[in-house]
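**Student:** please work out how this folds:
(2 chains)
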Amino acid sequence: EVQLVESGGGLVQPGGSLRLSCAASGFTFSNYNMNWVRQAPGKGLEWVSYITSSSNVIYYADSVKGRFTISRDNAKNSLYLQMNSLRDEDTALYYCARDSSDGYFFENWGQGTLVTVSS
Amino acid sequence: QSVLTQPPSASGTPGQRVTISCSGSSSNIRSNYVYWYQQLPETAPKLLIYRNNQRPSGVPDRFSGSKSGTSASLAISGLRSEDEADYYCAAWDDSLSGRVFGGGTKLTVL
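**Tutor:** Residues are numbered from 1 along each chain as shown, chains lettered A, B, ... in the order given. Sure, this is the predicted structure:
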């Protein structure tokens, strides 16, 4: 069974940093492209970032470009999101989402980790 | 303001057929696949439709997707109370070089 478990969320002040992790199990992590998607409280879904299985292609949403960095460690079956210069509007539940082996979007999702940016 | 436009709400009675629209542009829906997700209250989203009209295994055939030009639609037939959820469309956007979601549609089963 595919399992994606996010961690690392919490309360951080504006301008601060946080590193999210996503532990993957139940599949060969190194074969799959991965994403981060977020959802602000009471709001819709927003795609944040994408990374290919070998980390050779990376994309970011304009809203986080230059502040967030996606990475992965295939040996540790883990996906990461380094978030710097955090703003109030980054407050959200952050989901880790796996694409399918055929490349279609967000086949599997974790349960999310909550990031709150507030002074 | 989402790149893909969905109605904020939709409703229907049990057994009815409901459609949810998703409007985009030539840089996203017209030239790329459309995906649909269902998010039940307090849960993570679930893939409902991929590549415009394909259902993952386990998704009932009451759910169907279609695309025409710069718009796409999700149809739910034989509406059931457990279909009450938020529904989101998504696509790749060539201009943004990124994935985009619709703002979501809250479906109420009356």
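
**Student:** from now on I want contacts and neighbour counts done on CA atoms only, so please keep to that.
**Tutor:** Fine.

**Student:** got a list of what residue B:7 touches?
**Tutor:** Applying C-alpha atoms under 8 Å, 6 or more residues apart in numbering or on different chains to residue B:7 gives the contacts B:20-22, B:104-105.

**Student:** most surrounded residue in the residues you listed?
**Tutor:** Among those, residue B:104 has the most neighbours (other C-alpha atoms under 10 Å in any protein chain shown), with 27 neighbours.

**Student:** wait, it touches residue B:74, no?
**Tutor:** No: look at residue B:104 against residue B:74 with C-alpha atoms under 8 Å: they stay out of range, at 12.0 Å.

**Student:** which residues of chain A lie near chain B?
**Tutor:** A:44-47, A:59-61, A:104-112 (C-alpha under 8 Å from any C-alpha of the partner chain).

**Student:** can you name the two of the residues you listed that are farthest apart?
**Tutor:** The two members of these with the most space between them (C-alpha to C-alpha) are A:59 and A:111, at 22.3 Å.

**Student:** for the nearest residue to residue A:18 once chain neighbours are set aside, give me phi and psi.
**Tutor:** Of all residues not flanking residue A:18 in the chain, residue A:83 sits nearest, at 5.2 Å (C-alpha to C-alpha, 6 or more residues apart in numbering or on different chains). Backbone torsions of residue A:83, given as degrees, to the nearest 10, read phi -120, psi 120.

**Student:** list the beta-bridge partners for the most centrally placed residue in chain A.
**Tutor:** Residue closest to the average C-alpha location in chain A (C-alpha atoms, centre = their mean): residue A:36, at 2.9 Å. Beta-bridge partners for residue A:36, by DSSP bridges, are residue A:49, residue A:96.

**Student:** which residues in the chain form strands?
**Tutor:** Going with chain A. Ranges of strands in chain A, per DSSP state E, are A:3-7, A:10-12, A:18-25, A:34-39, A:45-51, A:58-60, A:68-73, A:78-83, A:92-98, A:108-109, A:113-117.

**Student:** um, chain B though
**Tutor:** In chain B, the strands defined using DSSP E lie at B:9-12, B:18-23, B:34-39, B:46-49, B:63-68, B:71-76, B:85-93, B:98-101, B:105-109.

**Student:** pick the most buried one from the strands of chain A.
**Tutor:** Neighbour counts (mean count of other C-alpha atoms under 10 Å in any protein chain shown) averaged over each of these peak at strand A:92-98, with a mean of 26.

**Student:** residues from chain B in reach of chain A?
**Tutor:** B:35, B:43-47, B:50-51, B:88, B:97-104.

**Student:** quick one, which of the strands of chain A is nearest to residue B:26?
**Tutor:** Residue B:26 lies closest to strand A:45-51 among the strands of chain A, at 19.7 Å (C-alpha to C-alpha).

**Student:** so what touches that closest one?
**Tutor:** Residues outside strand A:45-51 that contact it (C-alpha under 8 Å, 6+ apart) are A:33-39, A:57-61, A:64, A:70-71, B:88, B:99-104.

**Student:** now the angle from it to strand A:92-98?
**Tutor:** Counting by axes from the mean of the first three to the mean of the last three C-alpha atoms, to 10 degrees, strand A:45-51 points 50 degrees away from the direction of strand A:92-98.
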